[in-house]
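K.L.:
give me a 3D structure for the following:
(2 chains)
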Amino acid sequence: GENVEQHPSTLSVQEGDSAVIKCTYSDSASNYFPWYKQELGKRPQLIIDIRSNVGEKKDQRIAVTLNKTAKHFSLHITETQPEDSAVYFCAASYSNYQLIWGAGTKLIIKP
Amino acid sequence: SAVISQKPSRDICQRGTSLTIQCQVDSQVTMMFWYRQQPGQSLTLIATANQGSEATYESGFVIDKFPISRPNLTFSTLTVSNMSPEDSSIYLCSVEVGGDAAFFGQGTRLTVV
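P.N.:
Take a look at the predicted model:
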């Protein structure tokens, strides 16, 4: 079955710098790759997603890139702000809309 | 998107008792998902609930322990039965919208004492 690996588990960056979180997946049939942000004590919130027919997608300071050949996708956050501090999860979907989740990355924005 | 109301938001329960968590969606959805999330951990899928059929459980989860109801396309319940302290966790319901994206209820923080 599908397996999603996410790195790093913790990422600390200076406010204003960029942050990159990477995920790899195992099943080449996966065709949908969302990213979620979960603030402490709150539900996961979808922040951006990408489908397998697209290589990159941007939404203001957030972007996701997908490399189907290498089977990896990444979340890029530019000009990081304190409110970006949270746990970020990647996921992959290949059938029945069931998402396979990465382990999560705790992003810390240092003032 | 979808608006999902989940309740209770938290509860403290005695071991050996059961708790039923409710999830109400503001639109009709085909599949609803129930997850468990331990503090600091990722999401673990418990089961997938389709209206009109039995829920499909993931490895390590059984119907006797986590019975699920799905009486219509907007509502589902998850019961945590015969609870022990190991069942203390956050339980989340989720629905898929637009074919892929998952949206979550606000979660139920369960503490078993």
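K.L.:
now the strands for chain A?
P.N.:
For chain A, the strands defined by DSSP state E cover A:4-7, A:10-14, A:19-25, A:32-38, A:45-51, A:56-59, A:62-67, A:72-77, A:86-93, A:99-101, A:105-110.
K.L.:
helices or strands next to the second one in the packing?
P.N.:
In terms of contacts (3 or more C-beta pairs under 8 Å, 6 or more residues apart in numbering or on different chains; DSSP states H and E), strand A:10-14 is packed against strand A:19-25, strand A:105-110. Yep, even glycine has a C-beta here, placed from its N, CA and C like the rest.
K.L.:
likewise the fourth one?
P.N.:
Using 3+ C-beta pairs under 8 Å, 6+ apart as the contact definition, the elements that strand A:32-38 packs against are strand A:45-51, strand A:62-67, strand A:86-93.
K.L.:
out of those strands, which is the most enclosed?
P.N.:
Ranked by mean neighbour count, the helices and strands packed on strand A:32-38 are led by strand A:86-93 with a mean of 25 (mean count of other C-beta atoms under 10 Å in any protein chain shown).
K.L.:
and that strand, which strands flank it?
P.N.:
Using DSSP bridges, strand A:86-93 pairs in its sheet with strand A:32-38 (antiparallel), strand A:99-101 (antiparallel), strand A:105-110 (antiparallel).
K.L.:
what's it in contact with?
P.N.:
A:2, A:4, A:6, A:21, A:23, A:25, A:27, A:30-40, A:44, A:47, A:73, A:75, A:99-102, A:104-107, B:42-43, B:100, B:102 (C-beta atoms under 8 Å, 6 or more residues apart in numbering or on different chains).
K.L.:
for residue A:65, which of the strands paired with strand A:86-93 is the nearest?
P.N.:
strand A:32-38 (9.9 Å; C-beta to C-beta).
K.L.:
for that closest one, output the C-alpha coordinates as PDB.
P.N.:
The C-alpha trace of strand A:32-38 is given here as PDB (Å, rounded to 0.1, in the frame of the first residue of the first chain):
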ATOM      1  CA  TYR A  32      -3.700  14.000  -5.200                       C
ATOM      2  CA  PHE A  33      -1.400  15.700  -2.700                       C
ATOM      3  CA  PRO A  34      -2.800  18.100  -0.100                       C
ATOM      4  CA  TRP A  35      -1.000  20.000   2.700                       C
ATOM      5  CA  TYR A  36      -2.600  20.700   6.000                       C
ATOM      6  CA  LYS A  37      -1.800  23.100   8.800                       C
ATOM      7  CA  GLN A  38      -2.700  22.200  12.400                       C
END
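K.L.:
how many other residues sit next to residue B:47?
P.N.:
Other residues near residue B:47 number 21, with proximity taken as other C-beta atoms under 10 Å in any protein chain shown.
K.L.:
show me the contacts for residue 65.
P.N.:
I went with chain A, as the question did not name one. A:50, A:55, A:56, A:73, A:74, A:76.
K.L.:
actually it's chain B I care about, not the one you picked
P.N.:
Counting by C-beta under 8 Å, 6+ apart, residue B:65 makes contact with B:80, B:81, B:82.
K.L.:
with adjacent residues omitted, what lies nearest to the second one?
P.N.:
In space, residue B:81 comes closest to residue B:18 once its chain neighbours are excluded; the distance is 4.6 Å by C-beta to C-beta, 6 or more residues apart in numbering or on different chains.
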